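1. Just need the structure, nothing else, for what follows:
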Amino acid sequence: MKLLLHTCCAPCSVYCIESLRNKNIDPTVYWYNPNIHPYMEYKARRDCLKEYTKSINIQAIFEEEYGLDEFCRNVIQDLENRCINYCYPIRLEQTAKYAKENGYDTFSTTLLVSPYQKHDEIRRIGEKIATNYNLSFYYEDFRVGFREGQAKARELGLYMQKYCGCIFSEEMRYYNCNPIQARATNGYETPKEPRMQVKKIENKEDYIYLLLEADPSKDMIHKYLNDSDVYALKKEDELISIAVILHIDRKTLELKNIVTKENFRNKGYAKTLLKSLCGNYKQKYDRMLVGTTENNIPFYVKQGFDKYEKTIKNFFIDNYKEKIKDGELTCTDLIYYSKDLKKK
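-> Sure, this is the predicted structure:
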């Protein structure tokens, strides 16, 4: 048996490789994971696997494809079924194709070790693809060794990821399932917190200090601020969030900036403000654009910005003097999505 083992990360490979070697099967590790994002996460898993395979003297092949745009285009219409419809088949299909073209008769995947994956679906998809390529899909329920493999990975100091791979699974760790709901009028009270209000503000320059937390360039802010509407979410007189909306044409708006004060973050307030503004503007406008970094795509897709528009390559490199950081991500490209404001 000449087996090509699709591998999602080093920790998941530990038990799988040991189990196969105990059966006198020496697999070739195959890295192909265009669903892993953002890039620093992709790089961390890939580089860890490179070091680990070298340390255990096993052959490894690395197919480099960081496919954020392609991934988003293929999953945003049905996020709940993204694993079955895209993440599993895209990787297993490529593994089978490489296996067929390079003399392997069998392929498998380390996804079979995870108790968090849809095990039966992985097997079904793998066996179907194997038939199409006249190969064998090696099935083994590696889940029995999941804890053992994870313990060994920690002992070895391997990089231990916190989510399965895609940006939507990462976002689920923080997503607030019970956000405050708000009505769509200008100058109103939110139902669950009567003292909270969204108001249009005129003294825009007074809020530069907060806008700089999301866009650290006064020059860039001043390019759009004077021609934009600025709204603040407040509790009584205390500022919570602020958003800047630029009018592009008679039917199109662009969200240029949205930021929440640090002590109010991760509580759903930005979502409340954005939903309110979208509801208010839909009376006259058809769509709203937003340009964002890849880390923030899950947030906006959840708010209905589910149509990919374009990517401006090297935007942050060309327009900012200093490197722009979003968490551990060094920002390079500006990625545009849009929301149909008329869509229910």
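
2. Helix, strand, or coil at Q94?
-> Following DSSP: H, G, I helix; E, B strand; the rest coil, Q94 is assigned to helix.

3. list the buried ones in stretch 327-337?
-> Within stretch 327-337, the residues that qualify as buried are 329, 331-337, counting by 16 or more other C-beta atoms under 10 Å. The way it works is simple: take the backbone N, C-alpha and C, and place the C-beta from them, glycine included.

4. Tabulate those residues (JSON lines), appending pLDDT.
-> What follows is these, written out as JSON lines (pLDDT from 0 to 100):
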{"residue": "L329", "pLDDT": "84"}
{"residue": "C331", "pLDDT": "90"}
{"residue": "T332", "pLDDT": "91"}
{"residue": "D333", "pLDDT": "92"}
{"residue": "L334", "pLDDT": "93"}
{"residue": "I335", "pLDDT": "94"}
{"residue": "Y336", "pLDDT": "95"}
{"residue": "Y337", "pLDDT": "95"}
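
5. how about CSV for those residues, with secondary structure added?
-> Shown next, in CSV, are the buried residues of stretch 327-337 (three-state DSSP):
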residue, secondary structure
L329, strand
C331, coil
T332, coil
D333, coil
L334, strand
I335, strand
Y336, strand
Y337, strand
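
6. quick one: F142 from K23, how far?
-> 12 Å (C-beta to C-beta, to the nearest Å).

7. For those two, indicate the residue with more neighbours.
-> F142 (25 against 9; other C-beta atoms under 10 Å).

8. Tell me the spacing between the residue nearest to the more buried one when sequence neighbours are not counted and K275.
-> Nearest residue to F142, sequence neighbours excluded (C-beta to C-beta, 6 or more residues apart in numbering): V113, at 3.8 Å. Distance, V113 to K275, using C-beta to C-beta: 40 Å.

9. More neighbours: these two, which one.
-> With neighbours defined as other C-beta under 10 Å, V113 and K275 compare such that V113 has more, 25 against 19.

10. what's near enough to touch that one?
-> V113 sits next to 12, 15-16, 142-143, 145-146, 149 when contact means C-beta atoms under 8 Å, 6 or more residues apart in numbering.

11. Tell me the one of those nearest Y224?
-> Nearest to Y224 among the contacts of V113: C12, at 44.8 Å, using C-beta to C-beta.

12. Quick check: the closest one touching T110?
-> Yes: between C12 and T110 a contact is recorded at 4.3 Å, counting by C-beta atoms under 8 Å.

13. just the helices in the stretch 1-150 of the chain please.
-> 10-22, 39-55, 68-75, 82, 88-101, 119-132, 146-156 (DSSP state H, counting those that start in this stretch).

14. wait, what's in contact with Y30?
-> 4-7, 60-61, 63, 95, 98, 107.

15. Select from those every entry located in strands.
-> 4-6, 60-61, 107 (DSSP state E).

16. Now, of the contacts of V113, which are buried?
-> Looks like the contacts of V113 have 12, 15-16, 142-143, 145-146, 149 buried, using 16+ other C-beta under 10 Å.

17. now the buried residues of stretch 327-337 in CSV, with distance to F137?
-> Putting these into CSV (distance: C-beta to C-beta, whole Å) gives the following:
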residue, distance to F137
L329, 36
C331, 40
T332, 38
D333, 37
L334, 41
I335, 36
Y336, 39
Y337, 36
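
18. Can you tell me which of those residues is nearest E51?
-> When the buried residues of stretch 327-337 are compared against E51 (criterion: C-beta to C-beta), the nearest one is L329, at 22.1 Å.

19. Could you dump the contacts of V113 into CSV and include distance to N33?
-> CSV is the format used below for these (distance: C-beta to C-beta, whole Å):
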residue, distance to N33
C12, 11
Y15, 19
C16, 15
F142, 18
R143, 20
G145, 21
F146, 19
G149, 18
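
20. Please tell me I have it right and E254 contacts G291.
-> Yes: contact criterion C-beta under 8 Å: E254 and G291 qualify, at 7.4 Å.

21. where does the stretch 1-150 of the chain dip in pLDDT?
-> Nowhere does the stretch 1-150 of the chain drop to pLDDT under 70.

22. sorry, back to before: quick one: which two of the contacts of Y30 are the most distant?
-> Longest span within those, C-beta to C-beta: A60 and F107, 14.6 Å.

23. more neighbours, these two?
-> More neighbours surround F107 than the other of A60 and F107, with 28 against 18 (other C-beta under 10 Å).

24. burial measure for the residue nearest to N319 when sequence neighbours are not counted, as a count.
-> Once flanking residues are discounted, N319 sits nearest to M220: 6.5 Å by C-beta to C-beta, 6+ apart. By other C-beta under 10 Å, the residues close to M220 number 16.

25. gap between the host helix or strand of M220 and the chain center?
-> For M220, the element it lies in under DSSP states H and E is helix 218-225. On the basis of C-alpha atoms, centre = their mean, to the nearest Å, helix 218-225 is displaced by 28 Å from the centre of the chain it belongs to.

26. All good on my end, thank you.
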